[in-house]
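Enquirer: sequence unavailable; structure follows:
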């Protein structure tokens, strides 16, 4: 084991003189308390170390002990349903409200049942058994991606600690490896897959503006930039509750402690709308709040990605919510400054862009080593200072994501939720999902989506004109455009997270709503041609019913759309006929 002596300390950064061989990115233990750190720079026998815990009390002469291994986390059946810090150390059930320096991982016990027999040939990443927790959750036990060979022995069914070897595998070189229910994996090394697959289907979120206008691919990547108070955290929590993912990994990276406390208190009480069981059973929460060591914030984002890839390797669809990547970038900037590196744009290090790319490239829909198909979808919130979307973190992130959901301060102030600006947002994958929507019974989805976006774009142009000459001075057709755009905003894009009926919308319900709105626009244009003023259309019962259909028509009452559309056609046809008769006389 290599040893070094500290000769310089500055916050989470220290320098030490090596008395043995170290390698870059090696995990180390620092001082008498065994603080966890990582070698990040080497120059001769002088090594620079980034420490992931509070370095108070360290002094020159203290020892640094190398592990010979890269910074890694333990992956296994004890992840689901639990809360961890940024280095994947358990926070659940702690006696103290603060982490003790040098904390090691705790052991957990599970009921193991083998699914292979001695003599079987095991491929990398394949399951060799199952583990059942006390809560009844059944999870596969996977071979590490770098282990394959013949099964020499396997433990009988029974309860074991997750770090105790339960299987022996002999590899091609005759090397025998002891395998436990859990294994370690370096956080900065993406877990290998057999191959990447096309992103040809969306990750359903239940939010109409996202699923219908700006969808994110299953295995894709999305960014949510927004200034203070625009609802980034609320939107991420809503997505975590309602998106169609098998596992949720929620990362609170540098967020305020009270926000994470609310999340940690709320999630265990929530029911999974798909299974009726506790939502926390399929959730992993990684909490690295703003008062925790800043260097651990930098590592937390890689820990979260590694956890997500572990569940992907089980053939599951995983959604990783990172709140927020701006706080992670600030940690990069602070540590970089302590190393004395030359700052780049906005004071961030010159490698900010490549680090963002490394993170977002871990999103994928892939065929795993075991032959299953799984995915990791990355959704990162961004907190640009003063809501400036041209700042470095936002501008660099736009280069690597395919879905961009820009939150608008004015919409948020108007209590419009979700406050996503439809003209600043985009989805580069949207047209790839036309075939999927056709399978869901909406062959006109592309045209409906284009019609809504065109209408909203026209609304923005007309509102600028109306601020100059007044809305009443606009021609009737332009006033109708504003009326229809307002209806699309209120009836379709606005969605209450607190409403039992409206907080989630299935693809079938979204399709019926889009068709009803499009039909109303067609009928309104016909009525306008017959001389009906837009203000009379806004006073109809059909207009009011469309405004409230998200609240009034629930998922199990979609047949009400069958009565809504004929009633709407009858009412507007009556207006048109009456106007034509009046003109005839």
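Expert: That came through fine. The shown structure was predicted, so the numbers you read here are calculated from the model rather than taken from an experiment.
Enquirer: and the strand or helix carrying residue 574, what does it pack onto?
Expert: Assigned by DSSP states H and E, residue 574 belongs to helix 560-584. Applying 3 or more Cβ pairs under 8 Å, 6 or more residues apart in numbering; DSSP states H and E, we find helix 560-584 packed against helix 507-529, helix 534-538, helix 541-547, helix 549-552. All C-beta atoms are positioned from the backbone trio N, CA, C, and that covers glycine.
Enquirer: adding distance to residue 58 and mean pLDDT, write those helices out as a markdown table.
Expert: Shown next, in a markdown table, are the helices and strands packed on helix 560-584 (distance: least, Cβ to Cβ, whole Å; pLDDT from 0 to 100):
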| stretch | distance to residue 58 | mean pLDDT |
| --- | --- | --- |
| helix 507-529 | 56 | 94 |
| helix 534-538 | 69 | 92 |
| helix 541-547 | 62 | 94 |
| helix 549-552 | 57 | 93 |
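Enquirer: out of those, flag the one nearest residue 279.
Expert: Checking the helices and strands packed on helix 560-584 against residue 279 by Cβ to Cβ gives helix 507-529 as the closest, at 21.3 Å.
Enquirer: any buried residues in stretch 166-182, and which?
Expert: Under the neighbour-count criterion of 16 or more other Cβ atoms under 10 Å, stretch 166-182 has 166-169, 177, 179-182 buried.
Enquirer: now render the residues you listed as JSON lines, adding distance to residue 407, secondary structure and pLDDT.
Expert: Putting those into JSON lines (distance: Cβ to Cβ, whole Å; DSSP: H, G, I helix; E, B strand; the rest coil; pLDDT from 0 to 100) gives the following:
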{"residue": "166", "distance to residue 407": "48", "secondary structure": "strand", "pLDDT": "96"}
{"residue": "167", "distance to residue 407": "48", "secondary structure": "strand", "pLDDT": "96"}
{"residue": "168", "distance to residue 407": "53", "secondary structure": "strand", "pLDDT": "95"}
{"residue": "169", "distance to residue 407": "49", "secondary structure": "strand", "pLDDT": "95"}
{"residue": "177", "distance to residue 407": "48", "secondary structure": "strand", "pLDDT": "93"}
{"residue": "179", "distance to residue 407": "46", "secondary structure": "strand", "pLDDT": "95"}
{"residue": "180", "distance to residue 407": "44", "secondary structure": "strand", "pLDDT": "95"}
{"residue": "181", "distance to residue 407": "42", "secondary structure": "coil", "pLDDT": "95"}
{"residue": "182", "distance to residue 407": "38", "secondary structure": "coil", "pLDDT": "94"}
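Enquirer: let me have the helices and strands packed on helix 560-584 in TSV, extended by distance to residue 217.
Expert: Formatted as TSV, the helices and strands packed on helix 560-584 follow (distance: least, Cβ to Cβ, whole Å):
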stretch	distance to residue 217
helix 507-529	15
helix 534-538	38
helix 541-547	30
helix 549-552	25
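Enquirer: put together TSV for the ones you listed, with distance to residue 294 and mean neighbour count on each row.
Expert: Below are those laid out as TSV (distance: least, Cβ to Cβ, whole Å; neighbours: other Cβ atoms under 10 Å):
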stretch	distance to residue 294	mean neighbour count
helix 507-529	42	19
helix 534-538	54	17
helix 541-547	48	17
helix 549-552	43	18
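Enquirer: which residues touch residue 448?
Expert: Counting by Cβ atoms under 8 Å, 6 or more residues apart in numbering, residue 448 makes contact with 212, 442, 514-515, 518.
Enquirer: oh, that last question was meant for residue 421, not what I typed.
Expert: Contacts for residue 421 were tallied using Cβ under 8 Å, 6+ apart; they are 406-408, 411.
Enquirer: among these, which ones are in helices?
Expert: residue 411 (DSSP state H).
Enquirer: among the contacts of residue 421, which one sits closest to residue 324?
Expert: Nearest to residue 324 out of the contacts of residue 421 is residue 407 (Cβ to Cβ; 11.8 Å).
Enquirer: residue contacts, the closest one?
Expert: Counting by Cβ under 8 Å, 6+ apart, residue 407 touches 224-227, 230-232, 235, 418-421.
Enquirer: among those residues, which lie within helices?
Expert: Per DSSP H, helices hold the following members of the contacts of residue 407: 232, 235.
Enquirer: any idea how far the lowest-mean-pLDDT helix or strand in the chain is from the middle of the chain?
Expert: Lowest by mean pLDDT, DSSP states H and E among the helices and strands of the chain is helix 257-266, with a mean of 77. How far helix 257-266 lies from its chain's middle: 17 Å, per Cα atoms, centre = their mean, to the nearest Å.
Enquirer: what comes up buried for it?
Expert: For helix 257-266, the neighbour count (16+ other Cβ under 10 Å) marks 259-260, 263-264 as buried.
Enquirer: ok, residues contacting that helix?
Expert: Helix 257-266 is contacted from outside by 83, 233, 237, 250, 252, 285, 287, 289-291, using Cβ under 8 Å, 6+ apart.
Enquirer: pick out the most distant pair among these.
Expert: For the contacts of helix 257-266, the maximum inter-member distance is 20.7 Å, found between 237 and 291 (Cβ to Cβ).
Enquirer: tell me which of these two has more neighbours.
Expert: residue 237 (21 against 10; other Cβ atoms under 10 Å).
Enquirer: which residue ranges of the stretch 151-300 of the chain form strands?
Expert: Assigned by DSSP state E, counting those that start in this stretch, the strands in the stretch 151-300 of the chain fall at 158-161, 165-170, 176-180, 183-186, 195-196, 221-225, 247-253, 283-288.
Enquirer: in its sheet, what does the shortest one sit against?
Expert: Right, the one you point to is strand 195-196. Strand pairing for strand 195-196, using DSSP bridges, gives strand 364-367 (antiparallel).
Enquirer: do the third one as well
Expert: Strand 176-180 sits in its sheet next to strand 165-170 (antiparallel), going by DSSP bridges.
Enquirer: how distant is the strand it pairs with from the center of its chain?
Expert: So, by Cα atoms, centre = their mean, the centroid of strand 165-170 is 35 Å from its chain's centroid.
Enquirer: before we move on, what about stretch 501-511?
Expert: 21 Å.
Enquirer: list of residues touching it?
Expert: Residues outside stretch 501-511 that contact it (Cβ under 8 Å, 6+ apart): 204, 206-208, 211-212, 238, 242, 273, 437, 440-442, 445, 495-497, 513, 550-555, 558.
Enquirer: which among those residues count as buried?
Expert: Buried members of the contacts of stretch 501-511, counted by 16+ other Cβ under 10 Å: 204, 206-208, 211-212, 238, 242, 437, 442, 445, 495, 497, 513, 550, 553.
Enquirer: most centrally placed residue in this protein?
Expert: Using Cα atoms, centre = their mean, the residue of the chain that lies closest to the mean C-alpha position is residue 321, 2.6 Å off.
Enquirer: which strands or helices does the helix or strand it falls within pack on?
Expert: Residue 321 is located in strand 317-323, with elements delineated by DSSP H and E. Helices and strands touching strand 317-323, as assessed by 3+ Cβ pairs under 8 Å, 6+ apart, comprise helix 232-242, strand 247-253, helix 294-312, strand 373-382.
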